[in-house]
Structure formats: structure tokens, C-alpha cells
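Undergrad: Got a predicted model here, sequence first, then my questions.
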Amino acid sequence: GGQLRMLAYRYTNYLSDLNTNVSNEASESLIGKGAFTPKNLITVYNGIDLNKFKKNEKLRNQYREDLKFSKEDTIILAVGRFHAAKNYPGLINAFKLLKMNSGTDFTKLVIAGDGEGRTEIENLITKLELNDSVILLGRREDIAILMSAVDIFVLASIYEGFGLVVAEAMASECYVVATNCGGVKEVMGGHGSLVIPNNSEALARELFNVLKLSMVKKDKNNKQALKYIQENFSLDKIVQQWLIIYEGQ
């Protein structure tokens, strides 16, 4: 927000006992703009249900069959509404570069989401001759199962608040390639791959590097990422943090 919103925050702080935000990056930004102080703003992460988001080999194989993916296919998944912030045109262009550089027909991009930018995305897919490689699933209620069925999760956003979907992908043991925006770096905790935002060439290059990684290295990353999520973003642990906060006020 602009200066007016920052002033509104500052002059209404006395109405609350404590303020929270979902990432350190966002909290520090608001403090830096004078909206809050370190004494009246703390970070409390969003939590995820680890009973829902987890790897399931049986569902993985079943879902890949239902979506007509072959055993040789490497599936890259993106999730989110078709909004400018998500930068789907940048992702589609990056995927085109990836296909040109990798020289394989066994890499597919699956996008779960919908919104006002769908027509633009459909036109771009046709223009870049990617109709056989990019699959638009529309709005889905089975994201947890989808994440279990794919190999790589990609986030191409220009800006994010927290990036909860990244934590869900890590909990599902997907290798994550994401742009370094908002709280995404905090969510990833040094696991997966971070690239600069709004740069299709950099995103394509990193996706290509991940495709070349051995299964041993990818599995090691994914197990470490899962442990990091369990230790920092478990819904049960976040609920306990909230209880401590409420009891301390």
C-alpha cells in the first residue's frame, strides 16, 4: 500500500494489542515504512495440514493414469488464479525456452487455476505451439493429490505475500522452482531453487538444471524440504503459536 495506508496503520495501532503478518519480509517492509514498530508487529507463518499434503505413491500412479501421463513424462505443476501477479505469460514463455533447450517431448506443464487472464494464456499457448505440452486443468479441488502426482512445482509470481502453495508442494515432496518474491524464500528455507522474478530466461534455465538432476539428488532435496516444512509450517505447531500469543495478551 501507499503512504496513506501506512499512516492509517500507524494511527490505528492503539486499537489493537498486537499485529501479525505472515512473513518476515512483509513485516520488515511495513516496519521500514513506519506503519508498525518491532514492538507491535510480529511474524506468524501460515500453517498447512500435513495429513492432507503428503506424498502418496498409490494416488500418484492412479492420477497419472487418469491424466494420461506416461511413465516417461516429467510433469511440472503450477497452481494459482490467472492474475497478473502470478505471471503465467512469463511461465509459458519460460516453458517454451525449456522445450527448445531440452529437446524432449516428455516434459509437460500442468496449470491448475482459472481467472480473467485465461484467454490471454490460451492464445499464448497456441501462438507458441505448446498445445500438446501445456495442460490447463481449470479450477481444481484436488490440489493435494495433484501435487503427489507431479515431479516439479513451479511458481513464477512477480510478487507474493507468503507463498503457502510452495509449502504445500514441499510437504508433498515436489522439487520446487520459484521466484524470489515476498515470503517465498523464507518458506523454502534453502531447499529447491530460487530465481529472480519476471525473467523467463532465468526460470527456463533453472528448470532445465532441475531436469538434469539425478533422482538421488532430487529425492535428498525433497526429503530435507519435507523435514523443514514439518518443523516450521505444521498446522499443529502454528496453532500452538497462536495459543501462546493469545494467552500472553
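TA: Sure, I can see it.
Undergrad: per-residue confidence at the spatially most central residue of the chain?
TA: Nearest to the geometric centre of the chain sits Val166, at 3.1 Å (C-alpha atoms, centre = their mean). The model reports Val166 with a pLDDT of 97.
Undergrad: Equivalent analysis for the one 5 residues further on, please.
TA: According to the prediction, Ala171 has pLDDT 97.
Undergrad: ditto for Ser29
TA: With respect to pLDDT, Ser29 has a value of 92.
Undergrad: And for the one 10 residues further on?
TA: Reading off the per-residue confidence, Lys39 sits at a pLDDT of 93.
Undergrad: Look at it and give its secondary structure.
TA: coil (DSSP: H, G, I helix; E, B strand; the rest coil).
Undergrad: ok, it - how many residues close by?
TA: Residues lying near Lys39 (other C-beta atoms under 10 Å) number 9. All C-beta atoms are positioned from the backbone trio N, CA, C, and that covers glycine.
Undergrad: Skip the chain neighbours and tell me the closest residue to Ala35.
TA: In this structure, Ala35 finds its nearest non-sequential neighbour in Tyr9, 3.8 Å apart by C-beta to C-beta, 6 or more residues apart in numbering.
Undergrad: cool, and Leu155?
TA: Ala178 (3.9 Å).
Undergrad: Now do the same contact list for the one you found.
TA: Counting by C-beta atoms under 8 Å, 6 or more residues apart in numbering, Ala178 makes contact with Phe153, Val154, Leu155, Ser157, Gly163, Val166, Val184, Met188, Gly192, Ser193, Leu194, Val195.
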